[in-house]
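>>> For reference, the sequence and a predicted model appear below.
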Amino acid sequence: MKRTLVIVTLCLLLAATVGTTAVVAKQADSTSQAGTTPVYQFDVSPSGKIVIIMPDTGDKPTYVYSGEGFVPGETYILQFHITGVTGAAPIGSGVASPEGVVVIVGTIDSELVQNKIMQNEGDFLIGQHVL
């Protein structure tokens, strides 16, 4: 229940802070304190944000992506491109609302992707096709 409340809260905060289009995400900030769960935030240039909660308990990381300026009714795929590797790993998808807003919530299943995110060795992409 606590995790769901955190995800919903992050989703609402992100929906209020997005711009007009989304292409690539770079790591903007990460927060980690002793005894707390690390939270990574990525800005999507020029709009949108991804927040990732990396649990230290062995659970899969949870993420929330929010962006706007998309074509209403179209499906968009959130992907992670690892630096130096051809292609990208799809991690989630969502449909743009009538207002052109895309919100995607999920977990990151791939341990390789989890490690590369923490090492800042790649970029998030959002688009209509898998690379």
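Nice, I can see it. For clarity, every value in this text was computed on a predicted model and none was experimentally measured.
>>> Check which residues of stretch 42-60 are buried.
42-44, 47-54 (16 or more other Cβ atoms under 10 Å). (Each C-beta comes from the backbone N, C-alpha and C, glycine too.)
>>> Report the backbone C-alpha coordinates of it in CSV.
Provided in CSV are the C-alpha atoms of stretch 42-60 (Å, rounded to 0.1, in the frame of the first residue of the first chain):
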residue,chain,number,x,y,z
PHE,A,42,15.8,11.8,-15.3
ASP,A,43,14.8,14.8,-17.3
VAL,A,44,13.5,14.0,-20.8
SER,A,45,14.6,16.7,-23.3
PRO,A,46,12.8,18.9,-23.9
SER,A,47,9.9,17.6,-21.7
GLY,A,48,8.8,14.8,-19.3
LYS,A,49,10.4,13.2,-16.3
ILE,A,50,11.2,9.7,-15.2
VAL,A,51,11.6,8.9,-11.5
ILE,A,52,13.0,5.5,-10.5
ILE,A,53,12.9,4.1,-7.0
MET,A,54,15.8,1.6,-6.6
PRO,A,55,15.0,-0.6,-3.6
ASP,A,56,17.8,-2.0,-1.6
THR,A,57,15.8,-5.1,-0.7
GLY,A,58,16.2,-7.1,-3.9
ASP,A,59,12.8,-5.9,-5.2
LYS,A,60,12.6,-4.7,-8.8
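>>> tell me which element residue 112 is part of?
Using DSSP states H and E, residue 112 maps to helix 111-118.
>>> Out of the buried residues of stretch 42-60, name the two that are farthest from one another.
47 and 54 (23.7 Å; Cβ to Cβ).
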